[in-house]
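Engineer: Fold the following, please.
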Amino acid sequence: MGLVIFGAIALYLIVSIIVVVLAAKVAKKRGRSPWRWGGAAALVMYLLVFWDHIPTVLAHKYYCEKEAGFWVYKTLDQWKAENPGVTKTLKSVTVPPATREGDMKTYSVTYFLNERFNWIVKHNGQFLFNRWRHEQILTDTKTNEVLARYVDFSTSQERRQAGWSGWKFWLDSRHCSGGERDQNNLRQFKNNFPGVGK
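Structural biologist: A predicted model of the protein is given here:
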């Protein structure tokens, strides 16, 4: 499939060059600027396929800078100090039961780690310019308090969709800068809590 995609891109590039050269020749014959006509033809050929590239990159950068990150609201030591003796009573669950709400695109999965902790994974999208929002939180079920939170954005589709728009690999950005590190930080933070299965 990759060869087909790269073959189609090569063919489109060849057609684009031909269109630009022809536009420049026609402009020269009519006494117009071949650079302007050729440039306009190149812009049109670019925008036919890549019209959403720059807006997607800018939207992704904006939301990554504005909302993405990893935050710890309460450390393990703080939680233990507020809940003395509770750590000995929590039973570890290797494969936690879970509930799922939503559809294939926008959903929330709650993993019941033990009697006190839930791990909630949210996936929202598709927003404008192929943007997806990912969030994970660790909560104390007794107090409904969020102990840690991770937010990330991607322009990737989990499953490739049919049609041309589903194969625009140049829009494929799975995380914000540092997003994968932040995701791992939340998982490590979660796994350090007592009774949470690894």
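Engineer: By mean pLDDT, flag the weakest helix or strand of this protein.
Structural biologist: When the helices and strands of the chain are scored by mean pLDDT, DSSP states H and E, helix 2-29 comes last with a mean of 86.
Engineer: Can you give me the buried ones in that one?
Structural biologist: 16, 20, 23, 24, 27 (16 or more other CB atoms under 10 Å). C-beta here means a position set from N, CA and C on the backbone, and glycine is covered the same way.
Engineer: cool, and stretch 171-191?
Structural biologist: 171, 173, 175, 176, 179, 182, 183, 185, 186, 189, 190.
Engineer: List the ones among those residues that fall in helices.
Structural biologist: Residues of these located in helices (DSSP state H): 179, 182, 183, 185, 186, 189, 190.
Engineer: From those residues, pick the one nearest residue 31.
Structural biologist: Nearest to residue 31 out of these is residue 179 (CB to CB; 53.9 Å).
Engineer: so what's the closest one closest to, chain neighbours aside?
Structural biologist: residue 152 (4.0 Å; CB to CB, 6 or more residues apart in numbering).
Engineer: Okay, and the beta partners of the one you found?
Structural biologist: residue 134 (DSSP bridges).
Engineer: hmm, back to that, could you dump the buried residues of stretch 171-191 to TSV with distance to residue 104 and pLDDT?
Structural biologist: Converted to TSV, the buried residues of stretch 171-191 look like this (distance: CB to CB, whole Å; pLDDT from 0 to 100):
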residue	distance to residue 104	pLDDT
171	20	80
173	21	86
175	21	93
176	23	95
179	22	94
182	25	96
183	21	95
185	28	96
186	24	95
189	28	94
190	25	92
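Engineer: I'd like these as CSV, with distance to residue 95 appended.
Structural biologist: Output for the buried residues of stretch 171-191, formatted as CSV (distance: CB to CB, whole Å):
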residue, distance to residue 95
171, 35
173, 31
175, 26
176, 30
179, 26
182, 25
183, 20
185, 23
186, 19
189, 20
190, 15
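Engineer: Of those residues, just say which sits nearest to residue 76.
Structural biologist: For those, the nearest to residue 76 is residue 189 (8.0 Å; CB to CB).
Engineer: Can you tell me which residue is spatially central in this structure?
Structural biologist: residue 154 (1.6 Å; CA atoms, centre = their mean).
Engineer: which ones are touching that residue?
Structural biologist: 60, 131, 132, 134, 173, 174, 175, 179 (CB atoms under 8 Å, 6 or more residues apart in numbering).
Engineer: go with 6 Å
Structural biologist: By CB atoms under 6 Å, 6 or more residues apart in numbering, the residues touching residue 154 are 132, 174.
Engineer: Check it and give its pLDDT.
Structural biologist: Per-residue pLDDT puts residue 154 at 92.
Engineer: hang on, residue 20 packs against residue 42?
Structural biologist: Yes - using CB atoms under 6 Å as the test, residue 20 is close enough to residue 42 to be in contact (4.9 Å).
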